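Visitor: Sequence first, then the predicted structure, then my questions.
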Amino acid sequence: MKIYLARHGETLFNKLKLSQGWCDSPLTEYGITQGKNLGKILKDVKFAGAYTSTSERAIDTLQFVMDENLNPIDIHETKLLKEVNFGILEAMPDPMRMSLLRTDQNNFSFMFELKQGYKEYNGESYEEICSRVKQILDLVTSNYNDDDQVILMSHGGYLRTLMALTIDSKNGETINVVPNAGCIVLDYCNGEYTLSKIIENNVSRETL
């Protein structure tokens, strides 16, 4: 089975460098272009399943992908794919949030921050994030066949956590954060996940 892990296109909050977990902001014009371009890149992939976070930025991006696909299918929305809940840190400038979470200033990986969790800020703990990740992986791997291809549209922190639970032990933190409208592909076989490929989506802003 191949699992396509995709992130939503650029949003207003991404552009303003504001923390965006369970809160939402619309795709920018560039984010829309990114989503459409990802759809063109994946247009020949025949998906057996398509799942998205219930956040509008993710729903819209996956719809752009399906609009370009030669074999479009229905999209299933699930809260299991929502971004990490940052609690009262939502909409806070990214540097301010990072300074609160990164107590070890020599370690700047997003994974380090995620493992601190956001429970003390009325958000999610790392264990709660991992629980949601495991549930979506169980749903996909138990409902699709070995030769199926499934796409999951989610968010930066969520996908970083998913990679930590599946491929980091084999590859290290090869990918710190999946870029906006970026996509990585995992192979799943006999209970094991491996990194299949990284799909580049380098659409230029000059095309706008």
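Guide: It's in. Source: prediction; values computed, not measured. Residues are numbered from 1 along each chain as shown.
Visitor: hang on, Gln9 packs against Pro26?
Guide: Quick fix: residue 9 reads Gly, not Gln. No: between Gly9 and Pro26 no contact is recorded; they are 10.1 Å apart, counting by C-beta atoms under 8 Å. Placement of C-beta: from N, CA and C, glycine included.
Visitor: Please say which of the two ends up with more neighbours.
Guide: For the pair Gly9 and Pro26, the greater number of neighbours falls to Gly9 (30 against 12), based on other C-beta atoms under 10 Å.
Visitor: Tell me if I'm right that Ile167 and Tyr188 touch.
Guide: No: in this structure Ile167 lies outside contact range of Tyr188 using C-beta under 8 Å: 10.6 Å.
Visitor: Helix, strand or coil: sort out Thr61 for me.
Guide: Using DSSP: H, G, I helix; E, B strand; the rest coil, the structure places Thr61 in helix.
Visitor: let me fix that: Asn201
Guide: For Asn201, the secondary-structure state derived from three-state DSSP is coil.
Visitor: Which pLDDT does the model give it?
Guide: You'll see Asn201 listed with a pLDDT of 93.
Visitor: How about Lys115?
Guide: On the pLDDT scale, Lys115 is placed at 86.
Visitor: joint contacts of Gly9 and Pro26?
Guide: Taking C-beta atoms under 8 Å, 6 or more residues apart in numbering as the criterion, Gly9 and Pro26 both touch 57, 60.
Visitor: Averaged pLDDT, the longest helix anywhere in the chain. What do you get?
Guide: Using DSSP state H, we find that the single longest helix of the chain is helix 126-143. Model confidence over helix 126-143, given as mean pLDDT, is 97.
Visitor: Determine how far it lies from the middle of the whole chain.
Guide: A distance of 13 Å separates the centroid of the chain from that of helix 126-143, by C-alpha atoms, centre = their mean, to the nearest Å.
Visitor: What are the buried residues along it?
Guide: For helix 126-143, the buried set under the neighbour-count rule, 16 or more other C-beta atoms under 10 Å, comprises 126, 129-130, 132-133, 136-137, 139-140.
Visitor: Looks to me like Leu152 is in a helix.
Guide: No: membership of Leu152 in a helix is not supported by three-state DSSP, which gives strand.
Visitor: From Leu101, how far out is it?
Guide: Taken as C-beta to C-beta, to the nearest Å, the spacing of Leu152 relative to Leu101 amounts to 25 Å.
Visitor: So those two - more neighbours on which side?
Guide: Leu152 (27 against 18).
Visitor: Around the closest residue to that one other than its chain neighbours, count how many other residues there are.
Guide: The shortest distance from Leu152 to any non-neighbouring residue, by C-beta to C-beta, 6 or more residues apart in numbering, is to Tyr51 (5.2 Å). For Tyr51, the count of nearby residues is 21 (other C-beta under 10 Å).
Visitor: what pairs with Tyr51 across the strands?
Guide: The residues listed as beta-bridge partners of Tyr51 by DSSP bridges are His76, Leu152.
Visitor: which element follows the least confident helix or strand in the chain by mean pLDDT toward the C-terminus?
Guide: Ranked by mean pLDDT, DSSP states H and E, the weakest helix or strand in the chain is helix 168-171, scoring a mean of 72. Towards the C-terminus, the helix or strand next in line after helix 168-171, according to DSSP states H and E, is strand 183-189.
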